[in-house]
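Trainee: compute the structure for the input listed below.
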Amino acid sequence: MTSTTSHSLAIAAKGLRKAYGDKTVLDGIDLAVPAGTVFSLLGPNGAGKTTAVKILSTLITADAGDLHVGGHDIAVNPQAVRAAIGVTGQFSAVDGLITGEENMLLMADLHHLSRSEGRRTAAELLERFDLVEAASRPISTYSGGMKRRLDIAMTLVGDPRIIFLDEPTTGLDPRSRHNMWGIIRELVSDGVTVFLTTQYLEEADELADRIGVLNNGKIAAEGTADELKRLIPGGHVRLRFTDPSAYQSAAVALREVTRDDEALALQIPSGGSQRELRSILDWLDSAGIEADELTVHTPDLDDVFFALTGSTNVPSQPNEPKETVR
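Mentor: Numbers count the residues shown, from 1 in each chain. Now for the predicted structure:
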């Protein structure tokens, strides 16, 4: 990441520490989140993700650290931080005894909006989150996905430019999870900064501009999904042939290949970069050898997570389809 000052970042933390008794939850972590991006803090249960959110959203205090959110020093001006942020947790904060619209209007009152402005804002957000038809129903009749959408809609009443989403899709079915991803992408396209905690590897891969892997109170690694995947060995390109002579020619000429004579396939170590793929394709063309299939296999975030944390405490995820280039 390019060097920036804490004031040019939506969220900046240096040396963030928090302990409960003799258990250190956050052990001097550094974070830098540019405005208008999604940063995902990825880690197993108990890694300290929620503690980080609570500290950065001023709900609890850190033991140490230079912390800025929205350009404001948390220790000096926590009220300004609260005015700039919204927080949505994995457990809905809505009142189940009243309707969706009443929840929205209550939030508008808390933000000191006039009656007319509050009604206008509530109506706009209910429509944006596809909750108009359910607006007059008690929240107790809502599905988990509807409650989560209402929770985010309520968070947006104050027009925050930074939103903390603490495991926002935990417990949601796949359709509701994908709907929530769409909402998060819309927020970021509007210039909102999203700090997302999740245990779902696919979620971080789908949404985050940068990912920090939290383990034993420290950031074990940070980068884009692709950068993190390149930390783990095992990536390769697989060439499959139907012509035995073409297979033999390629096997003899290419270096560092693993042969599969039965399948007429060669495996070449590769990080999967565009430059490496182009080099392989150029070599095949120059040698007059045609592979019938070229498949890129790269480590996924599951591999990264397990390698960095040694943890299996993550919900199982379907493997992403591998990209085939032909």
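Trainee: what helix or strand is the closest residue to residue 35 other than its chain neighbours on?
Mentor: Spatial nearest neighbour of residue 35, chain neighbours left out: residue 10 (4.3 Å); criterion: CB to CB, 6 or more residues apart in numbering. For every residue, glycine as well, the C-beta is placed using N, CA and C. Assigned by DSSP states H and E, residue 10 belongs to strand 9-20.
Trainee: same for the helix or strand following that strand, what does it pack against?
Mentor: Later in the chain than strand 9-20, the nearest helix or strand by DSSP H and E is strand 23-34. Here strand 23-34 touches strand 9-20, helix 49-56, strand 193-198, strand 210-215, strand 218-223, going by 3 or more CB pairs under 8 Å, 6 or more residues apart in numbering; DSSP states H and E.
Trainee: next helix or strand past strand 23-34?
Mentor: Following strand 23-34 toward the C-terminus (DSSP H and E): strand 38-42.
Trainee: can you map out the helices along the stretch 101-250 of the chain?
Mentor: 115-128, 144-155, 174-189, 201-207, 225-229, 244-253 (DSSP state H, counting those that start in this stretch).
Trainee: which residues sit against the longest one?
Mentor: Here helix 174-189 makes contact (CB atoms under 8 Å, 6 or more residues apart in numbering) with 36-38, 129, 143-145, 148-149, 152, 163, 165, 168-169, 172, 194, 196, 200, 203, 206-207.
Trainee: can you say which of those residues are buried?
Mentor: 36-38, 129, 145, 148-149, 152, 163, 165, 168-169, 172, 194, 196, 200, 203, 206-207 (16 or more other CB atoms under 10 Å).
Trainee: could you check how far residue 16 is from residue 67?
Mentor: 6 Å (CB to CB, to the nearest Å).
Trainee: anything in contact with each of those two?
Mentor: residue 55.
Trainee: domains of the protein?
Mentor: The chain breaks down into these domains under automatic domain parsing: 6-229, 236-298.
Trainee: next one: the shortest one to chain centre, how far?
Mentor: Read it as domain 236-298. Relative to the centre of its chain, domain 236-298 is centred 34 Å away, using CA atoms, centre = their mean, to the nearest Å.
Trainee: between the two ends of it, how far is it?
Mentor: Domain 236-298 has an end-to-end distance of 7 Å (CA to CA, to the nearest Å).
Trainee: what stretches of the chain score poorly on pLDDT?
Mentor: Low-confidence segments of the chain (pLDDT under 70): 1-7, 90-93, 234, 311-326.
Trainee: residue at max distance from the center of it?
Mentor: The centre of the chain is farthest from one residue, residue 245, which by CA atoms, centre = their mean lies 46.3 Å away.
Trainee: for the chain, which residue is closest to the average position?
Mentor: Note: the chain centre (CA atoms, centre = their mean) maps to residue 204, 2.9 Å.
Trainee: quick check, that one in contact with residue 301.
Mentor: Yes. With contact defined as CB atoms under 8 Å, residue 204 reaches residue 301; the gap is 6.3 Å.
Trainee: which residues does the residue farthest from the centre of the chain contact?
Mentor: Contacts for residue 245 were tallied using CB under 8 Å, 6+ apart; there are none.
Trainee: quick one on the thing from earlier: closest to residue 30 out of the helices of the stretch 101-250 of the chain?
Mentor: helix 225-229 (16.6 Å; CB to CB).
Trainee: give me the buried positions along the closest one.
Mentor: Neighbour-count burial for helix 225-229 [16+ other CB under 10 Å]: 225, 228-229.
Trainee: stretch 285-298 now?
Mentor: Per 16+ other CB under 10 Å, stretch 285-298 contains these buried residues: 289, 291, 294-296, 298.
Trainee: hang on, isn't residue 230 packed against residue 271?
Mentor: Yes. The pair residue 230 / residue 271 is scored as a contact, 5.3 Å apart, by CB under 8 Å.
Trainee: export the buried residues of stretch 285-298 to a markdown table and append columns for secondary structure and distance to residue 221.
Mentor: Output for the buried residues of stretch 285-298, formatted as a markdown table (DSSP: H, G, I helix; E, B strand; the rest coil; distance: CB to CB, whole Å):
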| residue | secondary structure | distance to residue 221 |
| --- | --- | --- |
| 289 | coil | 38 |
| 291 | coil | 34 |
| 294 | strand | 29 |
| 295 | strand | 26 |
| 296 | strand | 22 |
| 298 | coil | 16 |
